[in-house]
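Q: Provide a 3D model corresponding to the input given below.
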Amino acid sequence: MKLTDIIRGPQMAAPRITIYGGAGVGKSTFAASAPKAVFLCTEDGAGIIGVDRFPLLDTYDAFVSAIDTLTNEDHEFRTVVIDSLDWLEPVIWQKVCDIHGFKSIEDPGYGKGYVFAVELWRDLLARIEVLRKQKNMAVIMIAHSAIRKYEAPDQDAYDRFELKLHKKSADLVSEHSDIIGYCDYRTLMKESDAGFGRTRTRAVGTGERVLRTGAQPAFVAKSRYPIPVELPLEWSALMAAITGEKK
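A: Next up, the predicted model:
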């Protein structure tokens, strides 16, 4: 290496984005609005929004083949969308069982099946990273949410929304992602007169869909970009925030 090899200043690479949230909040619609998106579907649902997609990928080998096809063949796609991670996970578990002759992922005991699964997750994420770099494709990975108890070492345990994945898998996906965004509806708290000098507070939904990118006790989120902790659930709004352009 020489001093002339030093890279100066920021370089914008295609982002790796993971979004998660409840059913019907608009995760797939958000991903479909990314430029020239192609879906790798592990669940049958993206067809309703008319996206370009491979046939349903319900085996590990089929999923790997789709990634390799995008990596090795010429095409016009600029965004790859995995929909969804939590439907991909049992596909990975089945592959582990096929390789090792297990009846189920729990068969080897002591969590060993999930350790084997993490190795397959690493392989898939590595393949996706090769695709991203060789084709300069943005990566959007979609997951559903689950409420789980979080036990912090310095305070009482509390419930929060997390990726609907095994913890080992979720940790690996989180490390791999530049953004973990929690998709939700904006809710306002309104007070009203309850009589006898009392007030009543109730949640009122606005119907506005938001992408939360800053971690809060109620949900997992992160961003490696200096962007607002809350944005409209729109691809254009997220890209404008990342690039610093006015939407």
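Q: so how far is stretch 61-70 off the chain centroid?
A: Relative to its parent chain, stretch 61-70 has a centroid offset of 19 Å by CA atoms, centre = their mean, to the nearest Å.
Q: The chain should start at 27 in everything you say after this.
A: With 27 as the first residue, the last one maps to stretch 87-96.
Q: could I get it in CSV with only the CA atoms?
A: C-alpha atoms of stretch 87-96 as CSV (Å, rounded to 0.1, in the frame of the first residue of the first chain):
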residue,chain,number,x,y,z
ASP,A,87,-30.8,-23.7,-3.1
ALA,A,88,-33.4,-21.8,-5.1
PHE,A,89,-32.7,-18.7,-3.0
VAL,A,90,-28.9,-19.0,-3.6
SER,A,91,-29.5,-19.6,-7.3
ALA,A,92,-31.5,-16.4,-7.6
ILE,A,93,-28.7,-14.3,-5.9
ASP,A,94,-26.0,-15.9,-8.1
THR,A,95,-28.1,-15.2,-11.2
LEU,A,96,-28.3,-11.5,-10.4
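Q: What lies in contact with that stretch?
A: 64, 66, 68, 80, 83, 103, 106, 114, 117, 121, 150, 153-154, 157, 161, 163 (CB atoms under 8 Å, 6 or more residues apart in numbering). In short, each C-beta sits where N, CA and C put it, glycine included.
Q: Let me know the average pLDDT across it.
A: In this model, stretch 87-96 carries a mean pLDDT of 98.
Q: Equivalent analysis for stretch 144-164, please.
A: For stretch 144-164, the per-residue pLDDT averages 97.
Q: Show me which parts of that stretch are buried, residue by residue.
A: V144, L146, W147, L150, L151, R153, I154, L157, R158, K161, M163, A164 (16 or more other CB atoms under 10 Å).
Q: Do a quick rundown of the strands in this structure.
A: For the chain, strands defined by DSSP state E occupy the ranges 42-47, 63-67, 78-79, 105-109, 164-176, 184-189, 205-221, 224-238, 248-249, 256-258.
Q: looking at the ones you listed, which one has the lowest mean pLDDT?
A: strand 224-238 (a mean of 71).
Q: For the strands of the chain, give me TSV that also has distance to F56.
A: Compiled in TSV, those are given as follows (distance: least, CB to CB, whole Å):
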stretch	distance to F56
strand 42-47	7
strand 63-67	10
strand 78-79	16
strand 105-109	10
strand 164-176	8
strand 184-189	16
strand 205-221	7
strand 224-238	8
strand 248-249	16
strand 256-258	10
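Q: Just to check, K161 is in contact with N98?
A: No: proximity of K161 to N98 does not meet the contact threshold set by CB atoms under 8 Å, at 9.9 Å.
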